[in-house]
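Peer 1: predicted model and sequence follow; I will ask about them next.
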Amino acid sequence: MIEYFKNKELLLVKFPILFPIIYGIILFLLPQYETHLIFLTILILAETHFGATWPFFINKVNYSYIKENKIFLILLPILLFIFCIIGFFFFKNFFLLIFFAANVFHVTRQSYGVMNLYTQDNDQKKVYSNLIYIFNSIFFLIAFLRFYIPVIKTENLLLLNGIIIISLAFIFLRYLIKFKFSENYLTMITGVIIFYPVCFVSNPVHAIIMGVTMHYSQYLFLTGKVIKKRSLELGQKKNYFKSFLIVILSYSLVMSILSIFGKNDSELLKNLIFIPIAGQMLHFYLDSQLWKFSISHNRENILKYIK
């Protein structure tokens, strides 16, 4: 247990289970402060993680690469932003469903990527990736049936959770015996259970944020690691990492405040939540390009600083 807390990569990337546990404990013991809990989580973890994309993307090591790939890295983000405007203001309910689906897919892809990063055995990779995709799809369907078209009732949750817990226990035990325990086994568990709170948490916002705190932790640690190592190797100023932190914290503060307006009675102020939502959609897309290690530029400027 002590080794777990000493190992930053294990604590923050491979198995950051403490984040949803702490979130759940605070929510259970202090339900009167649930709004404060959501805001602080968005401010400290969620929007900082979204904001980290921009200084990570708009970095001099990427300038020539962006120019060479204007369609994917300039034109398509602009078109995506236009799509967000049209969707949010004219087809809001449908757009928000697409936004949620994109969120789940993005988180799932990162869970797969983290597992793939630390797993060497191809048989393990195949099994673990299948488990991550299958259970994330199941939890997305459950969330849709609970919160979007409420078909699953509260009285059905006990049976549902019983089935899922027994299934997960059997699967985890089976592959623990087959592949033996290792830290990459924990990355698979993290990827599988990240959306499990949708099965027992009644508020959809809490249900998503609780598990996805692990996703935020993974991203912030890995991007921070790359930025720090790369800036030192390239001879950038020593305070570059501090500048990176200032940028993402400033971004987070602005976006978190705008998110509050989503519950405002004024239609004008309420629509300001579009800005952080559009920022998140751009984050989903740009990350799909930045962390694609089949591209040599990304292997040379990102992957080598992680391993």
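Peer 2: That came in fine, so what should we check first?

Peer 1: only C-alpha atoms from now on, for both contacts and neighbour counts.
Peer 2: Will do.

Peer 1: who does the longest helix seen in the chain touch, helix- and strand-wise?
Peer 2: Ranked by number of residues, the top helix in the chain under DSSP state H is helix 204-233. If you count contacts as 3 or more Cα pairs under 8 Å, 6 or more residues apart in numbering; DSSP states H and E, helix 204-233 packs onto helix 18-29, helix 47-51, helix 92-118, helix 240-260, helix 304-306.

Peer 1: got the contact list for the helix or strand just after the fourth one?
Peer 2: Beyond helix 240-260 in the direction of the C-terminus, DSSP states H and E gives the next helix or strand as helix 267-270. Residues external to helix 267-270 that are found in contact with it (Cα atoms under 8 Å, 6 or more residues apart in numbering): Phe261, Gly262, Lys263, Asn264.

Peer 1: redo those residues as JSON lines? Include neighbour count, distance to Ile189 and pLDDT.
Peer 2: Below are those laid out as JSON lines (neighbours: other Cα atoms under 10 Å; distance: Cα to Cα, whole Å; pLDDT from 0 to 100):
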{"residue": "Phe261", "neighbour count": "18", "distance to Ile189": "36", "pLDDT": "79"}
{"residue": "Gly262", "neighbour count": "17", "distance to Ile189": "34", "pLDDT": "73"}
{"residue": "Lys263", "neighbour count": "12", "distance to Ile189": "35", "pLDDT": "72"}
{"residue": "Asn264", "neighbour count": "13", "distance to Ile189": "38", "pLDDT": "71"}
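
Peer 1: just to revisit the earlier point, out of the helices and strands packed on helix 204-233, nearest to Ser202?
Peer 2: helix 18-29 (11.7 Å; Cα to Cα).

Peer 1: what mean pLDDT does the closest one get?
Peer 2: In this model, helix 18-29 carries a mean pLDDT of 97.

Peer 1: the helix or strand that that helix is followed by packs against which elements?
Peer 2: Following helix 18-29 in sequence order, the next helix or strand is helix 34-41 (DSSP H and E). If you count contacts as 3+ Cα pairs under 8 Å, 6+ apart, helix 34-41 packs onto helix 18-29.

Peer 1: next secondary structure after the helix or strand hosting Ile138?
Peer 2: Per DSSP H and E, Ile138 falls inside helix 122-143. Going down the chain from helix 122-143, the next helix or strand is helix 157-179, by DSSP H and E.

Peer 1: could you list the low-pLDDT ranges of the stretch 101-250 of the chain?
Peer 2: Scanning the stretch 101-250 of the chain with the threshold set as pLDDT under 70 gives 234-239.

Peer 1: which phi and psi does Phe200 have?
Peer 2: Dihedral pair for Phe200: phi -140, psi -10, per degrees, to the nearest 10.

Peer 1: now do the contacts for it.
Peer 2: Neighbour list for Phe200: Leu157, Asn161, Ala207 [criterion: Cα under 8 Å, 6+ apart].

Peer 1: next: Ile152.
Peer 2: By Cα under 8 Å, 6+ apart, the contact set of Ile152 is Ile142, Leu145, Arg146.

Peer 1: recalculate using a threshold of 7 Å.
Peer 2: Applying Cα atoms under 7 Å, 6 or more residues apart in numbering to Ile152 gives the contacts Leu145, Arg146.

Peer 1: pLDDT wise, what is the nearest residue to Leu272 once chain neighbours are set aside at?
Peer 2: In this structure, Leu272 finds its nearest non-sequential neighbour in Leu258, 6.0 Å apart by Cα to Cα, 6 or more residues apart in numbering. At Leu258, the pLDDT value in this model is 92.

Peer 1: perfect, I'm done here.
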